[in-house]
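K.L.:
Can you look at this prediction? I've put the sequence above it.
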Amino acid sequence: MKGVFRAELLRWRRSNGLILLVLAALFSMLSAVIAMLGGGVRWDSYLASVVLWATGAAQPAAALLMALVNQRDEKARWGGAQWRQTGAKVLLLTRFCVVVVAILLMNVCVVLPPLIAGSLAIGGDVPLGKFAALALVLTIGACTLLPIYDLISRRLGLIVPIIIAGLWMIVGVLCAEKTDWKIIPPAWPIRALLPLLGTHANGTGLADTDPLRFENPMPATLLTLAVNLLIVILVLGGVRLAGKLSQIMAASRAVAPAVTSSTESFRALPTDRPKRVETRPWRAQFLSFKRTPVFWVPFVGLFLQCSVWFTWRGFSNYTVAFFQLIVIPLEAALLGVLGWSCHAGALRITATHVQGVVVLTVMRMLALWMVDVFALLAGTVFLALAHVDGAVMLRTVLVGASLAWMLTTLGYWLAARWGEGVAYAVQGAGFVLGLITGSGAFGTMLWPVSPWAWAYEPTTIGWGPTIAVTVVCACTGGVILCLAIAASHRHMLA
């Protein structure tokens, strides 16, 4: 057992999963700096700075970390562990334990920057116990569906576990303060965090006399821990049952069927060659999107925008902000990474049939950008239904198209150079940063810091910032395209 743990730890050296710890620390540092800029003189301000991570990124980050571990092991063919005298339950339990420790370290990296910032700004007695409890409860909540993420990521890749984790967290945030939260498992980890953070689930601070501030987080934490143990036991039991079934099936196939005739074993293969069908390169790019997540991303964005417009029909500002701050950057970020993941496996063979990797990468990026533009133009229909000013719509289209070009090339390059997990982590951190700095009290001051928020603030200021942002995004996207070509060429030679 000791050797299995040592082997699992050795696999983490130079792993993409370690980058998540750095990104989590950077994200928390930014939140702590914002709390200091806001003039925080109470520890509640620094504890509340963790709320975006706790209610928005903790669960997807754990899912991504688990999926990255499986992706790493799959590329290495599991390091030969499946052919050694080690049970599947031992390997699975070892992987879970090491990933849980990694998630704990990631949450420690999240709570340390607010702790240090508060010590520098406030001084005096430091509530170390509260910060330690916050890191522990964050870890327990993030590990709730860890075995489920493990099973799904092995079969469906990186994106599906992240989506499931996001939906789980959204349900928890929406139901954490309802009266029947005790019968809703996704609400338990969020409910346990609220007294420690001193905020509501939507991020607003709790009043000094609010009963939720004095609630004991232990019952919700114990419920979450019980669910964790139950899921682990069920998964390990399922692995054991699957192993016994495979042994039974192997025993039933032990006797080979007899060959009735020698002519059937040496029957001649057909000599007719299949007719070769030539497809134009541009048409092939768009045909390659069929039956892939790239095809569905624009339609999911339209569905979400339609839901927001229908829910808040009388508030056009909500429709505009949702489209500019969420739909445009999120679609562009996803299309870049998904475009690479659907294309990487066939890059070597397709590059030899087209005019080389340079032309192929440029065509791929332009095709993905056209999908972005289609989603952008379709989304403006809901802006028109919300009676948005025509000048604002035109500025949104200009900035949105150039921003989509830059973020799509960025996601494609990150995925080609460092892997899909790093690309998802960087794009996700940037997206959350755009939500923080793109609107609200810091919107007019900090929006240039985050390119993911550039579709919102410049379009509300005027034509000058709109044209400047459009030019910067277009030029930056061209530079990143050159990097993406180099990364694609590197991938072909690997």
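P.N.:
All right, it came through fine.
K.L.:
quick one: low-confidence ranges for the stretch 251-400 of the chain?
P.N.:
Low-confidence regions of the stretch 251-400 of the chain, defined here as pLDDT under 70, cover residues 251-281, 313-315, 345-355.
K.L.:
Spell out, range by range, the helices that occur in it.
P.N.:
With DSSP state H, counting those that start in this stretch, the ranges of helices along the stretch 251-400 of the chain come out as 262-265, 281-287, 293-311, 316-322, 328-341, 347-353, 356-385, 390-418.
K.L.:
and D125, which of those helices is closest to it?
P.N.:
Of all those, it is helix 316-322 that lies closest to D125, at 40.4 Å by CB to CB. C-betas here are computed from N, CA, C, even on glycine.
K.L.:
if we look at that closest one, which residues are touching it?
P.N.:
Identification of contacts with helix 316-322 by CB atoms under 8 Å, 6 or more residues apart in numbering yields 304-305, 308-309, 312, 382-383, 386-388, 392, 396, 439, 456.
K.L.:
Can I get those residues in CSV including neighbour count and distance to Y412?
P.N.:
Conversion of the contacts of helix 316-322 to CSV gives the following (neighbours: other CB atoms under 10 Å; distance: CB to CB, whole Å):
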residue, neighbour count, distance to Y412
L304, 17, 23
Q305, 23, 24
V308, 20, 28
W309, 21, 30
W312, 14, 34
F382, 21, 27
L383, 22, 28
A386, 21, 32
H387, 8, 36
V388, 18, 31
V392, 16, 30
T396, 25, 23
S439, 18, 27
Y456, 25, 24
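K.L.:
For the host helix or strand of Q71, name the packing helices and strands.
P.N.:
Secondary-structure element containing Q71, defined by DSSP states H and E: helix 58-75. Contacts of helix 58-75 with other secondary structure elements, assessed using 3 or more CB pairs under 8 Å, 6 or more residues apart in numbering; DSSP states H and E, are made with helix 17-37, helix 88-121, helix 128-142, helix 146-156, helix 159-175, helix 420-437.
K.L.:
List the residues that contact F289.
P.N.:
Under the criterion of CB under 8 Å, 6+ apart, the neighbours of F289 are 295, 342, 367, 371.
K.L.:
From the chain's centroid, how far away is the helix holding Q71?
P.N.:
Relative to the mean C-alpha coordinate of its chain, helix 58-75 is positioned 10 Å out (CA atoms, centre = their mean, to the nearest Å).
K.L.:
What lies in contact with it?
P.N.:
11, 15-17, 20, 24, 79, 95, 99, 102-103, 106-107, 138, 141-146, 149-150, 153-154, 157-158, 161-162, 164-166, 168-169, 419-421, 424-425, 428.
K.L.:
List buried residues within the residues you listed.
P.N.:
11, 15-17, 20, 24, 95, 99, 102-103, 106-107, 138, 141-146, 149-150, 153, 157-158, 161-162, 164-166, 168-169, 419-421, 424-425, 428 (16 or more other CB atoms under 10 Å).
K.L.:
For the nearest residue to T466 once chain neighbours are set aside, give its distance to V388.
P.N.:
Nearest non-adjacent residue to T466, counting by CB to CB, 6 or more residues apart in numbering: R395, 4.5 Å away. Remark: distance between R395 and V388 (CB to CB, to the nearest Å) = 11 Å.
K.L.:
Check K75 too.
P.N.:
As judged by CB to CB, K75 and V388 stand 47 Å apart.
K.L.:
same thing with S307?
P.N.:
Counting by CB to CB, the gap between S307 and V388 amounts to 17 Å.
K.L.:
Likewise for A220?
P.N.:
The separation that A220 has from V388, given CB to CB, amounts to 42 Å.
K.L.:
now swap in V432 and tell me
P.N.:
Using CB to CB, one gets 25 Å for the distance from V432 to V388.
K.L.:
for S31, same thing?
P.N.:
31 Å.
K.L.:
Please apply the same query to T139.
P.N.:
With the distance defined as CB to CB, T139 ends up 43 Å from V388.
K.L.:
Kindly report the same for M169.
P.N.:
30 Å.
K.L.:
Check E177 too.
P.N.:
If you measure E177 against V388 using CB to CB, the figure is 33 Å.
K.L.:
now swap in A416 and tell me
P.N.:
In this structure, A416 and V388 are separated by 37 Å, where distance is defined by CB to CB.
K.L.:
okay, how far is it across stretch 178-187, tip to tip?
P.N.:
From the first residue to the last, stretch 178-187 extends over 9 Å; the measure is CA to CA, to the nearest Å.
K.L.:
List the buried residues of that stretch.
P.N.:
Using 16+ other CB under 10 Å as the burial criterion, the residues of stretch 178-187 that qualify are 181, 184-187.
K.L.:
and which of those residues is nearest H491?
P.N.:
Taking CB to CB as the measure, H491 lies nearest P186 of the buried residues of stretch 178-187, at 38.3 Å.
K.L.:
Disregarding residues adjacent in the polypeptide, which is nearest to that closest one?
P.N.:
Nearest-residue entry for P186: G172, 3.7 Å, with adjacent residues in sequence omitted and distances by CB to CB, 6+ apart.
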